[in-house]
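> the following comprises the amino acid sequence and a computationally predicted model.
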Amino acid sequence: MRKLLLSAAVSALMTSAAMAENIGVSMALFDDNFLTVLRNGMVEYGKTLDGVNLQVEDAQNDVAKQLDQIKNFIASGVDAIIVNPVDTSATQAMSDAAAAAKVPLVYVNREPINVDTLPDNQAFVASNEQESGTLETQEVCRLFKEAGKTEAHVYVIMGELSNQAAVMRTKDIDDVIATPECSFIKIIDKQTSNWRRDEAQNLMTNWLSTGTKFDGVIANNDESAIGAIQAMKAAGIDMKSVVVGGVDATQDALAAMQAGDLDATVFQDAAGQGKGSVDAALKLAKGEAVDQKVYIPFQLVTPANIGDFLKKN
Amino acid sequence: MAETSRGIGGLAFDASKRARPPELNVLIALIAIVAAFELLGRLLIGDSFLFNTRDNVDGIFNQQRLEIIILQVSIVGIIAIGVTQVIISGGIDLSSGSVVGATAMISMSFAQVALVNGQPNPKGVFLEQGWVDLPVIVPVLVGLACGLVAGLINGALVAYTKIPPFIATLGMMVTARGVARWWSKGQPISFPTESFAAIGKGLMPVVIFVTLAVLFMVILRYTRYGKYCYAIGSNEQAARISGINVEHHKILVYSIAGVLAAVAALVLSSKNLTAQAGMGVMYELDAIAMAVIGGTSLSGGRGSIVGTMLGALIFGVIISGFTFLRIDAYYQEMIKGVIIVAAVVLDVYRQRVRSRG
């Protein structure tokens, strides 16, 4: 009975494969805010294209499950695969499996470790994390200069230490304040909030209890920046006197910016990445050449251009 | 009759063995840790951990630091009050962190404002239904009900199906996290009303934590409910024979723990002005650790709310102390792990000494 069902399922897949472009998508995690926007961007875009079927699966943050999903996609004869890797250092096996079956593969959002040795029919679509922290810190630097500061002391709130984006964004901060234009900025302390608002709130309150004078907070993400803002407000600090920067441009962050609490954030175009990955997969499936690294740009969000982003994330 | 004074860890009424309560050891440990940070602070960065060294504020102590030490553990502390009772009565509750997540999501949906900065609430869950700007009692009752339901299910599973509490509450842990994620499809829920935001504002979490702790301290020590907890945890069979309705009592204990997790969820989401599906992850383990560090025995029958409060304070002192010394985040977790294991080793050792009589 099971065999019968299986063969029926296989033949159903094969017939649909003959009619349209089938793309298998393995997402690292369904219940992540950002990845949800990315996934929806992908699905919505797929619906606008004629004869493109997207089959989206959830790897539930499990490396082994993701590899199994990819092998299942290959076995069911998809025309291309899009992977949002669970673990960026475990991508070699995925690339090998797809290459052996000659199925095009596109990595999205997270940079695979083998990005520089990808076979011809594989590509990587994301935003360059080098931009996010850089845009954020440069804006913070500009605001300090605008306020006429010749010396500025900041706290840095990092994301999860095992996460590439957190590492990169923190490095961006260091790089920007190493430049002569922004070298007047000094970091008092760097700690992690694990991307979380409640932890950032506690961290900031702990910092405030040291009584050290500071001029700003540069956070790896908006949730952490908001946590810091809430702690500072609870301590009665005038938000006009400190510069706070985040990354993500979440709805909460944009509201905080409208309220005058958050000074800078950076928009990562999740839907744009989803759309870009589908485009790349379709081109590869048709045998066309694509750039192996497709970067969807980050955009700086400030009170001046916030209107453009209110409806985006 | 000599048999009865041996063998079981929960002989709570033997006065001679209570000469030095375990809470005293925990208090000594707490003082030692504070002293260590004070000393290290003065040696390494030339600043005081506990005392005020600033000219622009008054007072002998660094009041801001004292506040954050307890503020940052208040929310998990509220959970730990419930978890302590569960462990004393011989059970375990792994579901509290997930119950916090689910409760936060559901109750916050009933606490949202209609307009944010003059625009319709971008995160409004019940915007279409018009369930916005509701009085604060609505989300509070909804939240408490969520916790109660979760606790009732936990208790009923443990009491009537006889499956181990570890498994029953593990099931709830996974299910409640699923509910938290499903509720808004993973999207955060933000922008609560001002009256809801007042629940967790400023030092309110501390006030709620301490009030509940004192309340349950009295209940555990002086009421029949409390005596039953210790009796069931010490020897369930003996408790049953003595005429205690063990099943009903277990359901009651788990329900109280569920409601306390819901209180923690309300305070947490109010304090953060947001509810997110990932809220409360690992809180159950922190809560269990606070209880265990505070001298509550995982084999049941022994423990106290005072001990758990001291355990919570040790957590708070460590977090603040490490930030104060500007030590890398990595080490915090390592030390936390070592302290938890050390506390359990001590507990096992204490039990062995006692049972040897």
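Nice, I can see it.
> mind telling me what element residue 26 is part of?
Picked chain A for this. Using DSSP states H and E, residue A:26 sits within strand A:21-27.
> switch to chain B, that's the one I care about
Take DSSP H and E as the rule and residue B:26 turns out to sit in helix B:22-40.
> before we move on, back to that, does chain B have contacts with the strand holding residue A:26?
No: under the criterion of Cβ under 8 Å from any Cβ of the partner chain, chain B is not reached by strand A:21-27; the shortest gap measures 11.5 Å. Every C-beta, even on glycine, is put in place using the N, C-alpha and C of the backbone.
> and the residue nearest the centre of chain A, its phi and psi?
Centroid-nearest residue in chain A: residue A:109, 5.8 Å away (criterion: Cα atoms, centre = their mean). Per-residue torsions, residue A:109: phi 70, psi -40 (degrees, to the nearest 10).
> doesn't residue A:126 make contact with it?
Yes: taking Cβ atoms under 8 Å as the definition, residue A:109 is a contact partner of residue A:126 at 5.1 Å.
> give me the common contacts of the two.
Counting by Cβ atoms under 8 Å, 6 or more residues apart in numbering or on different chains, the common neighbours of residue A:109 and residue A:126 are residue A:273.
> how about the residues of chain A by chain B?
For chain A, the residues in contact with chain B (Cβ under 8 Å from any Cβ) are A:30-33, A:36, A:158, A:161, A:189, A:191-192, A:196-198, A:201-203, A:205-211, A:226-227, A:230, A:234-235, A:250-252, A:255, A:258-259, A:310.
> neighbouring contacts of the strand holding residue A:26?
With contacts defined as Cβ under 8 Å, 6+ apart, strand A:21-27 is touched by A:13, A:16, A:35, A:39, A:42, A:46, A:51-59, A:66, A:69-70, A:72-73, A:76-84, A:278, A:281-282, A:285.
> dump the helix or strand residue B:106 falls within to PDB, keeping only the CA atoms.
Applying DSSP H and E as the criterion places residue B:106 in helix B:96-109. Taking C-alpha atoms only, helix B:96-109 is exported to PDB below (Å, rounded to 0.1, in the frame of the first residue of the first chain):
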ATOM      1  CA  SER B  96       7.200  27.400  32.400                       C
ATOM      2  CA  GLY B  97       9.400  29.100  29.800                       C
ATOM      3  CA  SER B  98       7.200  28.100  26.900                       C
ATOM      4  CA  VAL B  99       4.100  29.000  28.900                       C
ATOM      5  CA  VAL B 100       5.600  32.500  29.300                       C
ATOM      6  CA  GLY B 101       6.000  32.700  25.600                       C
ATOM      7  CA  ALA B 102       2.500  31.600  24.700                       C
ATOM      8  CA  THR B 103       0.900  33.700  27.500                       C
ATOM      9  CA  ALA B 104       2.800  36.800  26.500                       C
ATOM     10  CA  MET B 105       1.700  36.400  22.800                       C
ATOM     11  CA  ILE B 106      -2.000  35.800  23.600                       C
ATOM     12  CA  SER B 107      -2.400  38.400  26.400                       C
ATOM     13  CA  MET B 108      -0.500  41.100  24.500                       C
ATOM     14  CA  SER B 109      -2.900  40.700  21.600                       C
END
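> next one: residue A:91 from chain B, what distance?
Here residue A:91 is placed at a distance of 24 Å from chain B (Cβ to the nearest Cβ, to the nearest Å).
> what do you get for residue A:163?
Between residue A:163 and chain B the distance, using Cβ to the nearest Cβ, works out to 13 Å.
> ok, now which ones touch that residue?
By Cβ under 8 Å, 6+ apart, the contact set of residue A:163 is residue A:195.
> if we use 7 Å, what do you get?
Contacts for residue A:163 (Cβ atoms under 7 Å, 6 or more residues apart in numbering or on different chains) come out as none.
> where in the chain is pLDDT low?
The chain I'm using is chain A. Across chain A, the ranges flagged by pLDDT under 70 are A:1-19, A:313.
> actually, chain B is the one I wanted.
B:1-20, B:329, B:354-357.
> which parts of it are strands?
Using DSSP state E, the strands of chain B run over B:115-116, B:119-120, B:189-190, B:274-275.
> looking at those strands, which is buried most?
Neighbour counts (mean count of other Cβ atoms under 10 Å in any protein chain shown) averaged over each of the strands of chain B peak at strand B:274-275, with a mean of 28.
> tell me which other helices or strands that one touches.
Helices and strands touching strand B:274-275, by 3 or more Cβ pairs under 7 Å, 6 or more residues apart in numbering or on different chains; DSSP states H and E, are helix B:96-109, strand B:189-190.
> any chance of the ones you listed in a markdown table, plus distance to chain A?
Listed next are those as a markdown table, based on distance: least, Cβ to the nearest Cβ, whole Å:
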| stretch | distance to chain A |
| --- | --- |
| helix B:96-109 | 11 |
| strand B:189-190 | 5 |
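> turn the ones you listed into CSV, including distance to residue B:150.
Below are these laid out as CSV (distance: least, Cβ to Cβ, whole Å):
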stretch, distance to residue B:150
helix B:96-109, 5
strand B:189-190, 19
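> show me what from chain B comes close to chain A.
Counting by Cβ under 7 Å from any Cβ of the partner chain, the residues of chain B close to chain A are B:54, B:62, B:64-65, B:68, B:71-72, B:116-117, B:122-123, B:181, B:185-188, B:190-191, B:202, B:268, B:272-274, B:277, B:320, B:323-324, B:326, B:329-330.
> does residue A:183 touch residue A:177 like I think?
Yes: using Cβ atoms under 7 Å, residue A:183 is in contact with residue A:177, at 6.3 Å.
> and for residue A:182, the neighbour number?
Other residues near residue A:182 number 19, with proximity taken as other Cβ atoms under 10 Å in any protein chain shown.
> for residue A:141, see how far away it is.
Taking Cβ to Cβ, to the nearest Å as the measure, residue A:182 falls 4 Å from residue A:141.
> what touches both of these two?
The contact sets of residue A:182 and residue A:141 overlap at residue A:176 (Cβ under 7 Å, 6+ apart).
> for residue 259, which non-adjacent residue is closest in space?
The chain I'm using is chain A. Spatial nearest neighbour of residue A:259, chain neighbours left out: residue B:117 (6.6 Å); criterion: Cβ to Cβ, 6 or more residues apart in numbering or on different chains.
> I was thinking of chain B, sorry if that wasn't clear
Distances taken as Cβ to Cβ, 6+ apart place residue B:147 nearest to residue B:259, at 4.6 Å, with adjacent residues excluded.
> ok, the one you found - contacts?
Residue B:147 makes contact with B:99, B:103, B:258, B:259, B:261, B:262 under the criterion Cβ under 7 Å, 6+ apart.
> residue B:192 now?
Taking Cβ under 7 Å, 6+ apart, we find residue B:192 in contact with B:108, B:111, B:112, B:113, B:270, B:273.
> tell me the one of those nearest chain A?
Taking Cβ to the nearest Cβ as the measure, chain A lies nearest residue B:273 of these, at 6.9 Å.
> contacting residues around the closest one?
Shown in contact with residue B:273 (Cβ under 7 Å, 6+ apart): A:230, B:190, B:192, B:197.
> surely the residue nearest to the centre of chain A touches residue A:38?
Yes: using Cβ under 7 Å, residue A:109 makes contact with residue A:38 at a distance of 6.1 Å.
> find the residues that touch each one of the two.
Counting by Cβ under 7 Å, 6+ apart, the common neighbours of residue A:109 and residue A:38 are residue A:273.
> all strands of chain A, in order?
In chain A, the segments counted as strands under DSSP E are A:21-27, A:52-58, A:80-83, A:105-108, A:122-126, A:152-158, A:185-192, A:216-219, A:243-245, A:265-267, A:293-295, A:299-301.
> output these in a markdown table, with distance to residue A:170 appended to each entry.
Formatted as a markdown table, the strands of chain A follow (distance: least, Cβ to Cβ, whole Å):
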| stretch | distance to residue A:170 |
| --- | --- |
| strand A:21-27 | 26 |
| strand A:52-58 | 29 |
| strand A:80-83 | 26 |
| strand A:105-108 | 23 |
| strand A:122-126 | 18 |
| strand A:152-158 | 5 |
| strand A:185-192 | 7 |
| strand A:216-219 | 9 |
| strand A:243-245 | 13 |
| strand A:265-267 | 14 |
| strand A:293-295 | 20 |
| strand A:299-301 | 18 |
